[in-house]
Every structure is written in C-alpha cells, then in structure tokens.
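> Give me a model of this one.
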Amino acid sequence: EVQLQASGGGLVQAGGSLRLSCAASGFTFDDYVIGWSRQAPGKGREGVSCMSISDGITYYAGSVKGRFTISSDNAKNTVFLQMNSLKPEDTAVYYCAAGLNGCNDKYDYWGQGTLVTVSS
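Numbers count the residues shown, from 1 in each chain. Prediction:
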C-alpha cells in the first residue's frame, strides 16, 4: 500500500521557519519524483517544489524560490521541505505527492495535507 505521510505543519509568525517532512512507503522511492503542493483557502492548488530522487534535480515555484529548500533522506524514504522567511501568503495546506512524470503537479499518489499558518 502506497503511503505518503506529511507532517511538520503548524502556526508560525511571519519571518519564521518550518520544516515539513514526507515519509513515503509502498513504492520504489528512488524511481519517483516527490513534490510538495499547497492549497490556500479559497484558491486552487499550486505546485511549490519537487525533487527527482534518482538524480537530485529540484524545482521551485517562483513564489518560494530562495526561501524554501527541498531535500531528501533516501535511506529513510523521506523528503523534507525547509521553509524560511515565511510570509502570510504561504498559509495553506501543504501536500506531498509522488509520481513518475516529472515535476508537473500531476502525481500518481497524494498524501494527506499538513496545515501551515503564517501570522502577520
């Protein structure tokens, strides 16, 4: 059974940091692209960042570039999203996902979300 367990969300003040984790199981981790997407209240889903596990290539949306960093611990089948200099507009439910078709937000598997709230 494929599982993607996201954690690490919470309430933080603007300018603060959070680190999200995505623990994956049930598929060959190294073959996949693992991504983070978010959905803010009343808005559509937005791809935030992703990583091709096999070669480490990463992608960041323009809105987070320079503030967020994606990384992985392949031994633990876990992907992290380090979020620094958080802004109120980063408030959203963050989802991790996995797929074989690149960083295009069209993933095969989705985890449950973790809520990030940034107060001003």
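> what residue is smack in the middle of the protein?
Centre of the chain computed as the mean C-alpha position; nearest residue by C-alpha atoms, centre = their mean is residue 36, 2.5 Å away.
> so who does that residue touch?
20, 22, 47-50, 70, 79, 81, 94-97 (C-beta atoms under 8 Å, 6 or more residues apart in numbering). C-beta here means a position set from N, CA and C on the backbone, and glycine is covered the same way.
> buried stuff in whichever strand or helix holds residue 96?
Using DSSP states H and E, the element containing residue 96 is strand 92-99. Neighbour-count burial for strand 92-99, counted by 16 or more other C-beta atoms under 10 Å, picks out 92-99.
> Same check on stretch 10-27?
Buried residues in stretch 10-27 (16+ other C-beta under 10 Å): 12, 18, 20-24, 27.
> pLDDT, secondary structure and distance to residue 114 for these - can I get that in a markdown table?
Output for the buried residues of stretch 10-27, formatted as a markdown table (pLDDT from 0 to 100; DSSP: H, G, I helix; E, B strand; the rest coil; distance: C-beta to C-beta, whole Å):
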| residue | pLDDT | secondary structure | distance to residue 114 |
| --- | --- | --- | --- |
| 12 | 98 | strand | 13 |
| 18 | 98 | strand | 9 |
| 20 | 98 | strand | 6 |
| 21 | 98 | strand | 9 |
| 22 | 98 | strand | 9 |
| 23 | 98 | strand | 12 |
| 24 | 98 | strand | 14 |
| 27 | 95 | coil | 20 |
